[in-house]
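[1] Curious how this folds, go ahead:
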Amino acid sequence: MSELLFPLWQIDAQEYQAVCAYLRLTPDARLYEHLSRYLAEAPCRFPHPVGFSRHLARPRLTGFRIGRLDPMTKLFLPGHPLRHVLNGVIALHECDPRGYRELAAAPRGWRAPIAALGWALGFVANLAVSLPWLALQWVGYAAGTAFRSADGLAGKRALITGVSRGLGRDLMLGCLERGAEVIGIVRNRESREALQAQLPAQARATLLVADLAIPGALAAALQEAQIPADSVAIAILSAGIKHDGKSVLSLPELRETFQVNLYAAVELADWLCGSASGLDVTSAAKANRDRSEAPTAAPVAATSSGDATHDRALSSTTRIVLVSSMGRWHGMHHSGGYNASKAALSIWGESLDMELRQRGNRRFTVTVVEPGIFASRMTRQTPLTRMLFVSRKKVAIRILAGALAGRSAIRPPRWFALLTWAICLIGRNNRYRIFASANPRTDR
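    Residues are numbered from 1 along each chain as shown. You can find the predicted model right below:
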């Protein structure tokens, strides 16, 4: 099967085998594919787990963990994703001849009461082990409560750019998994069609086409879709562009880099909070805001499947998240000005936050994200970069958790930030030697 869309609900092949072993069933690749499709729709059909239930759902499933979670979720957490996993596996295997025979197998005659007694004693023994285990898990969860944000996206709207692949796609899936409605921005119709084919039909995602390299395209797409700015609870500027191998003196690439990486963020923030901050705003943002203030609720854009429209309550707080880069702390040759654009984005985001504070506007929070390197089309696959790669999914989780907690800066992972700052202290000549060997000149 391809990469899991929603790891909180879906299970990989090894986890499926562990579940089958626990249920004493024979794994079947065909049934696993059906199970994966069923679980991919679970976030759209069932309440998403929060708090302690979500904490228990994150680790991978093992035989020991399944044995502990089965009785505990049955007794205390009936909405836990494991219940849907077990129910799905049992239902699918019941429809398969071999699976039905395995599930229907039962001792007969004098073996039946002995088996029933053994089952009862096993259940008591399982509880004796599982209850202390659950208490230990709760202690670990409670210890991190002060450092954990609320799952504040259920039923809210998230606006994310660059959702067709990479970090933007992971952020979109993370928001959907948390129960949010996502307005995703893709560059062209081909990207939209490809992404729609990957998402479950019931996914609450509206995909809009806007080429961020074209000034004003983003605000125009949002205006055409009739999405009120006040309905957005979190806006994440994840889309970016890097012209690797192009000189920083190449003006066309430099202009495009700054347009996508910086000016598109300015346009979106202008659309979101121009009036609230007292700043001059574009006519598109003014027209959109006039519609949102009308007596009747403005219709939301149709979902990716067609013509459905929804009413959306106004968001009391909007979190603006700007995805910059740790590269903003140093220069980089032959990158088309990528690092320079990210430096400008970080400083501009901080400046926006200062202006909003000075005007007493606390409806908006500004979070600047400066992640380390992770696998993407912008990063070359070399032995050095692969050693430094961080998990893109973990970066997405950190971004959402930090943004919802209202943090002003997020730099995952911390060790990479410390490494970058150390390199910045060794002087330009030494930095040149390091980066020249890691990123040789490749004009094209």
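[2] The stretch 251-400 of the chain: strands as residue ranges?
    Listed from the start of the chain, the stretch 251-400 of the chain has strands (DSSP state E, counting those that start in this stretch) covering 318-323, 364-369.
[3] Please verify my assumption that residue 13 contacts residue 32.
    Yes - judged on C-beta atoms under 8 Å, residue 13 makes contact with residue 32 at a distance of 6.5 Å. For glycine as for every other residue, the C-beta is placed from the backbone atoms N, C-alpha and C.
[4] Which residue of these two possesses the greater neighbour count?
    Remark: of residue 13 and residue 32, residue 32 carries more neighbours, 21 against 12, as counted by other C-beta atoms under 10 Å.
[5] Can you tell me how far the more buried one is from residue 64?
    Distance of residue 32 to residue 64, computed by C-beta to C-beta, to the nearest Å: 21 Å.
[6] one step back: including mean pLDDT, could the strands of the stretch 251-400 of the chain go into a markdown table?
    Formatted as a markdown table, these follow (pLDDT from 0 to 100):
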| stretch | mean pLDDT |
| --- | --- |
| strand 318-323 | 96 |
| strand 364-369 | 95 |
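[7] Which one, of the ones you listed, ends up nearest to residue 156?
    Nearest to residue 156 among the strands of the stretch 251-400 of the chain is strand 318-323; the distance by C-beta to C-beta comes to 10.1 Å.
[8] Check which residues of the longest helix belonging to the chain are buried.
    In the chain, ranked by residue count with DSSP state H as the criterion, the top helix is helix 111-143. Residues of helix 111-143 classed as buried by neighbour count (16 or more other C-beta atoms under 10 Å): 130, 134, 137, 141.
[9] same deal with stretch 83-96?
    With burial defined by 16+ other C-beta under 10 Å, the residues of stretch 83-96 counted as buried are 83-86, 88-89, 92-93, 96.
[10] With stretch 207-221 instead?
    Using 16+ other C-beta under 10 Å as the test for burial, stretch 207-221 gives 207-208, 210-213, 217-221.
[11] How about stretch 54-61?
    54-57, 61.
[12] which one among the residues you listed gets closest to residue 258?
    residue 54 (38.9 Å).
[13] Please produce a markdown table containing the buried residues of stretch 54-61, extended by distance to residue 407.
    Listed next are these as a markdown table, based on distance: C-beta to C-beta, whole Å:
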| residue | distance to residue 407 |
| --- | --- |
| 54 | 19 |
| 55 | 20 |
| 56 | 25 |
| 57 | 24 |
| 61 | 31 |
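[14] Out of the residues you listed, list just those in strands.
    Counting by DSSP state E, none of the members of these fall within strands.
[15] What is the nearest of the residues you listed to residue 371?
    Distances from residue 371 to these, taken by C-beta to C-beta, are shortest for residue 54, at 22.7 Å.
[16] right, and the closest one touches residue 43 too?
    No - applying C-beta under 8 Å as the test, residue 54 and residue 43 come out as separate, 11.9 Å apart.
[17] got any residues that touch both of those two?
    Common contacts of residue 54 and residue 43 (C-beta atoms under 8 Å, 6 or more residues apart in numbering): residue 8.
[18] quick one: residue 25 and residue 185, what's the gap?
    Taking C-beta to C-beta, one finds residue 25 at 43 Å from residue 185.
[19] Which of the two has more residues huddled nearby?
    Neighbours were counted for residue 25 and for residue 185 using other C-beta under 10 Å; residue 185 has more, 31 against 20.
[20] Now do that one, the pLDDT please.
    Looking at residue 185, its pLDDT is 97.
[21] What of residue 386?
    pLDDT, residue 386: 63.
[22] Ok, residue 151 next?
    56.
[23] ok, now which residue in this protein is the farthest from the centroid?
    In the chain, the residue that sits farthest from the middle, by C-alpha atoms, centre = their mean, is residue 110; the gap is 54.7 Å.
[24] What distance do you get for that residue to residue 119?
    On the measure of C-beta to C-beta, residue 110 and residue 119 end up 16 Å apart.
[25] Residue 58 versus residue 39, what's the distance?
    15 Å.
[26] Actually, residue 428.
    As judged by C-beta to C-beta, residue 428 and residue 58 stand 43 Å apart.
[27] Equivalent analysis for residue 82, please.
    For residue 82, the distance to residue 58 - C-beta to C-beta - is 12 Å.
[28] for this protein, which spans come out with low pLDDT?
    For the chain, the stretches with pLDDT under 70 are 1-2, 146-151, 274-315, 375-387, 438-444.
[29] domains for it, by residue range?
    Domain assignment for the chain by automatic domain parsing gives 13-147, 157-438.
[30] okay, the strands of the stretch 251-400 of the chain in CSV with mean neighbour count and distance to residue 236 next?
    Converted to CSV, the strands of the stretch 251-400 of the chain look like this (neighbours: other C-beta atoms under 10 Å; distance: least, C-beta to C-beta, whole Å):
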stretch, mean neighbour count, distance to residue 236
strand 318-323, 25, 4
strand 364-369, 23, 9
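[31] I'd like these as TSV, with distance to residue 409 appended.
    Output for these, formatted as TSV (distance: least, C-beta to C-beta, whole Å):
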stretch	distance to residue 409
strand 318-323	10
strand 364-369	5
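[32] Check the offset of stretch 87-98 from the chain's centre.
    With C-alpha atoms, centre = their mean, to the nearest Å as the basis, stretch 87-98 stands 31 Å off its chain's centre.
[33] and if you look at stretch 62-74?
    That offset, for stretch 62-74, works out to 27 Å (C-alpha atoms, centre = their mean).
[34] buried ones in that stretch?
    The neighbour-count check on stretch 62-74 (16+ other C-beta under 10 Å) flags 65-73 as buried.
[35] still on that earlier bit, now for the buried residues of helix 111-143, which pair is the farthest apart?
    130 and 141 (15.8 Å).
[36] need the helices for the stretch 1-150 of the chain, in chain order.
    Applying DSSP state H, counting those that start in this stretch to the stretch 1-150 of the chain gives helices spanning 13-23, 29-40, 42-45, 51-57, 63-75, 81-94, 97-104, 111-143.
[37] State the distance from residue 118 to residue 67.
    When residue 118 is compared with residue 67 (using C-beta to C-beta), they lie 16 Å apart.
[38] wait, I meant residue 19
    From residue 19 over to residue 67 (counting by C-beta to C-beta), the distance is 11 Å.
[39] Kindly report the same for residue 155.
    34 Å.
[40] Buried residues, stretch 333-347. List them.
    Across stretch 333-347, burial judged by 16+ other C-beta under 10 Å covers 334-346.
[41] Using PDB, list the CA coordinates for it.
    Provided in PDB are the C-alpha atoms of stretch 333-347 (Å, rounded to 0.1, in the frame of the first residue of the first chain):
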ATOM      1  CA  HIS A 333      25.400  30.500  -3.300                       C
ATOM      2  CA  HIS A 334      23.500  29.400  -6.500                       C
ATOM      3  CA  SER A 335      20.200  29.100  -4.800                       C
ATOM      4  CA  GLY A 336      18.300  31.800  -6.600                       C
ATOM      5  CA  GLY A 337      18.100  33.800  -3.400                       C
ATOM      6  CA  TYR A 338      16.100  31.200  -1.500                       C
ATOM      7  CA  ASN A 339      17.900  31.900   1.800                       C
ATOM      8  CA  ALA A 340      17.500  35.600   1.400                       C
ATOM      9  CA  SER A 341      13.800  35.300   0.800                       C
ATOM     10  CA  LYS A 342      13.400  33.200   3.900                       C
ATOM     11  CA  ALA A 343      15.400  35.700   5.900                       C
ATOM     12  CA  ALA A 344      13.000  38.400   4.600                       C
ATOM     13  CA  LEU A 345      10.000  36.300   5.500                       C
ATOM     14  CA  SER A 346      11.200  35.700   9.100                       C
ATOM     15  CA  ILE A 347      11.900  39.400   9.700                       C
END
